[in-house]
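Trainee: here is my input; please provide its structure:
(one chain, ligands or ions: 1)
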Amino acid sequence: MAGIYVHIPFCGQFCTYCSFYSVKGRGYREKYIAALHNEIEYRKHFFKDTGVSPRTIYFGGGTPSLFSPVQLGELLQHIKEAFNAQPHEVSIEVNPDDITPQYALQLRNAGFNRVSMGIQSFVDEHLKWMNRRHTAAEGERAYHNLREAGFSNISLDLIFGYSGLTPHLWEYNLKKMVELFPEHISAYQMSIEPGSALARMYEKGEYHLVPDEICLREYTFLQEYLASNGYTQYEVSNFARCNPAGEFMKSHHNSSYWTKEPYIGLGPAAHSFNGAIRSWNNPSVAKYCRYYSSPEFSPISGCGEPESAAKLPAAVGGFEELQGRDIFNESVMLGLRTVAGVDLGRLNPLMLDEVRGEIERHCRLGNLVQEGDKIRIPSCRLFVSDGIISDLFV
Ligand code: SF4
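Mentor: Numbering: from 1, shown residues only. Predicted coordinates for the structure are as follows:
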């Protein structure tokens, strides 16, 4: 299922653990929206040769909810027209303190039908330490505002694996989460990302790593708690439940990344993949705005896709044609992160022969399960999936 990703790299304030590229950039916001409209126009033929039409649109960031529903709605409308998209899933990432009843309603009316919100914790002290912009009560209020506005597909994020999170508080967070009963839950282990405030705290000895066995205990508890409350895990960090119509509410947009469908990424640092070539935009907001508003820029000058290094548009940071080994490794990595696993019949047979010994070894260790032509990591080993996956790279 092909998708369109719109990157909004602006944040109201920066979270302790985050190293994503984003700016406060108040002075750039209007210019940025204009530049995005130009990029949409410039690249509107992206899907022409892929034989697919986009079925999901995802506004991520950063914090897209820093922008008005009118600005976001106009972008969405332009995207639908330019790419001839008839999406069945239109998602947006939001920050709880932006979600007033009126904002939620306007977002719904603008055409979004799925919201992903970073709750992260229901403990105020932890939210403060994470430098989040909201309290636990504001997070819950925002959720109810979304429901009252008619959103019937909501995803909430939680974080575990940081010091200060006791077993009791982790259970409390999961209990609060399940009481809200969102359709989808993502849970991420906190890691020390280079360039983040947390990395600086760690270097100064002000933060200590949580031992792996504690993180594993929290992850296992997460899996069990959500399973016993009606959620099914479908990827390392993602869980969903069925809606009243019996539809499993996974993220279709993210699932298409894992199955390697074509996608276009709009905005600085966003990646695109047309089935053969992967390209990425220059990460700088300033350069992006300059390029898409420069006098020589012309929205009719081409479909904007890199054909060669010499013809690389200035807003494109680079591109690569995926080679056999990249394709193999990516298929293994993305597939084994999902609970469904990888279909061996879809992998290059010669490369597969190179790692058959490793597959058999991991099967003997219980790290992999082979069922017919499929291999998957059992749920009790998903926590250590990175190590298992890297052993299968060619
Ligand atoms: S976690 Fe999200 S809101 Fe926080 S700094 Fe990173 S991108 Fe911004």
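
Trainee: can you give me the strands in the stretch 151-300 of the chain?
Mentor: For the stretch 151-300 of the chain, the strands defined by DSSP state E, counting those that start in this stretch occupy 154-160, 184-189, 232-235, 238-240, 263-266, 271-273, 277-281.

Trainee: sorry, slip of the keys, the one I care about is the stretch 1-150 of the chain.
Mentor: Going by DSSP E, counting those that start in this stretch, the stretch 1-150 of the chain shows strands at 3-8, 56-61, 89-94, 114-120.

Trainee: picking up where we left off before, turn the strands of the stretch 151-300 of the chain into TSV, including mean pLDDT, distance to the ligand and mean neighbour count.
Mentor: Backbone N, C-alpha and C define where each C-beta goes, glycine included. Shown next, in TSV, are these (pLDDT from 0 to 100; distance: least, CB to the nearest ligand atom, whole Å; neighbours: other CB atoms under 10 Å):
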stretch	mean pLDDT	distance to the ligand	mean neighbour count
strand 154-160	98	9	22
strand 184-189	98	10	21
strand 232-235	97	19	18
strand 238-240	98	17	24
strand 263-266	94	16	25
strand 271-273	91	16	20
strand 277-281	89	17	19
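
Trainee: quick check: Leu382 touching Val236?
Mentor: Yes. Between Leu382 and Val236 there is a contact under CB atoms under 8 Å: 5.2 Å.

Trainee: show the contacting residues for Leu75.
Mentor: Contact partners of Leu75, counting by CB atoms under 8 Å, 6 or more residues apart in numbering, are Val6, Ile33, Leu36, His37, Ile40, Phe59.

Trainee: by neighbours, which of those residues wins?
Mentor: Ranked by the number of neighbours (other CB atoms under 10 Å), those place Phe59 first, at 26 neighbours.

Trainee: so it touches Val6, yeah?
Mentor: Yes. Using CB under 8 Å, Phe59 is in contact with Val6, at 4.7 Å.

Trainee: in stretch 158-178, which residues are buried?
Mentor: Neighbour counts over stretch 158-178 (16 or more other CB atoms under 10 Å) mark 158-162, 165, 169-170, 173-174, 176-178 as buried.

Trainee: and Tyr257, how far from Phe47?
Mentor: 16 Å (CB to CB, to the nearest Å).

Trainee: and for Glu39?
Mentor: Taking CB to CB, one finds Glu39 at 15 Å from Phe47.

Trainee: equivalent analysis for Arg26, please.
Mentor: On the measure of CB to CB, Arg26 and Phe47 end up 34 Å apart.

Trainee: which non-adjacent residue is nearest Asn38?
Mentor: Leaving aside its sequence neighbours, Asn38 sits nearest to Tyr292 (CB to CB, 6 or more residues apart in numbering; 4.1 Å).

Trainee: quick one: pLDDT of that neighbour?
Mentor: Note for Tyr292: predicted pLDDT of 86.

Trainee: run a quick neighbour tally on it.
Mentor: When neighbours are counted by other CB under 10 Å, Tyr292 comes out with 23.

Trainee: skipping its backbone neighbours, what lies nearest the residue nearest to the spatial centre of the chain in space?
Mentor: Taking CA atoms, centre = their mean, the centroid of the chain lies closest to Asn254, which sits 6.5 Å from it. Nearest non-adjacent residue to Asn254, counting by CB to CB, 6+ apart: Asn238, 7.2 Å away.

Trainee: next up, the contacts around the one you found.
Mentor: By CB under 8 Å, 6+ apart, Asn238 lies in contact with His184, Ile185, Ser186, Lys250, Ser251, Asn254.
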